[in-house]
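next one to model:
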Amino acid sequence: MLGSYKHRVLSTFPLSSAALQRLSFFFDVQVSCMPTGQSEHALQLMRNVAGVITSEDNIKFERDIIAQLPHLRAICLTNETPKFVDLSALTEAGIRATGFPSKPQNPLEEIMWRVLTTEAQNLAKSDNETVLGKKPLRRFSGSLFTSSLYAVRIGFLGASPLSKGLLARAQSAQAEGILIDLDMCDSHPKAPLDWLLIPADWQDANQSAIEKLLMRVAGPETRIIDFSGAEAIKAVGKHRPELAERITHQFIPPYQPVESADPSSTLAEQLIAALGFGRKSWHPDNLLNPDVCCESCC
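Numbering: from 1, shown residues only. Now for the predicted structure:
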């Protein structure tokens, strides 16, 4: 019988049948629940796995521990705010780390963030693997991962919860994020934006105000993603043909976030994304070291 070509992953956390089935589609899965303080046993189990779902109670990912795990490429911690993780050492080794979400994710925010990061990835690939010509993407030897939005200037129109949530994501990805208000000139960046994102809950259709805003924040390289149902930005595109080619319209109807009743399924999806699979592989949920991002978009 031929051996499996799947990556091996380990969970020291009990998994639901749904989470186990989902992980098994991509990986060879081992579940080995253990009591607190079994760090040596946990280290032995992790020596030949590509990914692990575990807790700081089982093992502390410090530099000397990380050095003993050459095959590891992703860790998914059950802790909300990890305290004993050397993120710098993980990043140097090309290992992604995620933590458990402290609150439910807004699916609307998820979609918009995924579109933005996918567009940024595609643009980087078409621009000789640079981000708008400013900074080469960082690589790690032997790793599938590379940096993504470092130092990219992203503006989010308005101050709605969606805009603020996206701003927080951008900042965690080490982008230069800023909230853009039509009436607050002081909040606008001194340099042109690389991206301007109009969230799904933005309703202002004041075309003249939008045109003035774009004169202040848009440069020759600025790209605009419009998730709203407002007509103003569409009209601006018609009157400004040089902008029209750089505006992406993708209307998303509003809906409410739904909290997952199965935390192990959430952890499973994070590990799948952190290892470069699925629709969130470019930027997994709750990524703790965003400077390590995936080249794959599978």
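
ok, residues contacting whichever strand or helix holds residue 269?
According to DSSP states H and E, residue 269 maps onto helix 263-274. Residues from elsewhere that reach helix 263-274 (CB atoms under 8 Å, 6 or more residues apart in numbering): 9, 11, 13-16, 18-20, 22-23, 26, 51-53, 73-76, 78, 96-98, 100-101, 260, 278, 280-281, 284-287. Placement of C-beta: from N, CA and C, glycine included.

what subset of those is buried?
For these, a neighbour count by 16 or more other CB atoms under 10 Å gives the buried set as 9, 11, 13, 15, 19-20, 22-23, 26, 51-53, 73-76, 78, 96-98, 100-101, 278, 280-281, 284-287.

in strands, which of those fall?
9, 11, 51-53, 74-76, 96-98 (DSSP state E).

got CSV for those, with pLDDT too?
Listed next are those as CSV, based on pLDDT from 0 to 100:
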residue, pLDDT
9, 95
11, 94
51, 95
52, 95
53, 94
74, 94
75, 94
76, 93
96, 93
97, 92
98, 90
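
could you dump these to CSV with distance to residue 117?
Converted to CSV, those look like this (distance: CB to CB, whole Å):
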residue, distance to residue 117
9, 24
11, 27
51, 21
52, 24
53, 23
74, 17
75, 21
76, 19
96, 14
97, 18
98, 15
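
from those, which single one is nearest residue 44?
Distance from residue 44 was checked for each of these by CB to CB. The minimum falls on residue 52, at 12.3 Å.

need the contact list for the closest one.
So residue 52 contacts 9-12, 46, 72, 74-76, 271 (CB under 8 Å, 6+ apart).

distance-wise, check it relative to residue 289.
In this view, residue 52 and residue 289 are 15 Å apart by CB to CB, to the nearest Å.

if we can go back for a sec, ok, of the ones in strands among the buried ones among the contacts of helix 263-274, which one's closest to residue 194?
residue 96 (24.0 Å).

show me the contacts for that closest one.
73-75, 90, 145, 274-275, 284, 287, 289, 292, 294.

mind putting those into TSV with distance to residue 198?
Shown next, in TSV, are the contacts of residue 96 (distance: CB to CB, whole Å):
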residue	distance to residue 198
73	36
74	33
75	35
90	35
145	30
274	30
275	33
284	25
287	24
289	29
292	29
294	27
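
from those residues, which shows the smallest pLDDT?
Here the lowest pLDDT out of these sits on residue 145, with 41.

grab the longest helix from this protein for me.
Using DSSP state H to define each element, the chain has its longest helix at helix 107-126.

for that helix, buried residues please.
Buried-residue list, helix 107-126, by 16+ other CB under 10 Å: 108-110, 112-113, 115-117, 119-121, 123-124.

could you redo these as TSV and give each row distance to residue 236 and pLDDT?
Listed next are those as TSV, based on distance: CB to CB, whole Å; pLDDT from 0 to 100:
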residue	distance to residue 236	pLDDT
108	24	83
109	25	83
110	27	78
112	20	88
113	24	84
115	20	85
116	20	86
117	25	81
119	19	82
120	22	79
121	26	72
123	21	72
124	26	60
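
so which of the residues you listed comes closest to residue 42?
Once CB to CB is applied, the member of the buried residues of helix 107-126 that ends up nearest residue 42 is residue 110, at 31.2 Å.

could you check how far that closest one is from residue 276?
When residue 110 is compared with residue 276 (using CB to CB), they lie 18 Å apart.

what's the answer for residue 79, then?
Residue 79 is 23 Å from residue 276, by CB to CB.

show me which of those two is the more surrounded one.
residue 276 (24 against 14; other CB atoms under 10 Å).

and that one, how far is that from residue 109?
22 Å.

how about residue 10?
For residue 10 relative to residue 109 (CB to CB), the value is 31 Å.

give the contact list for the closest residue to residue 101 other than its chain neighbours.
Leaving aside its sequence neighbours, residue 101 sits nearest to residue 286 (CB to CB, 6 or more residues apart in numbering; 5.2 Å). Going by CB under 8 Å, 6+ apart, residue 286 touches 98-101, 270.

where does residue 216 land in three-state SS?
helix (DSSP: H, G, I helix; E, B strand; the rest coil).
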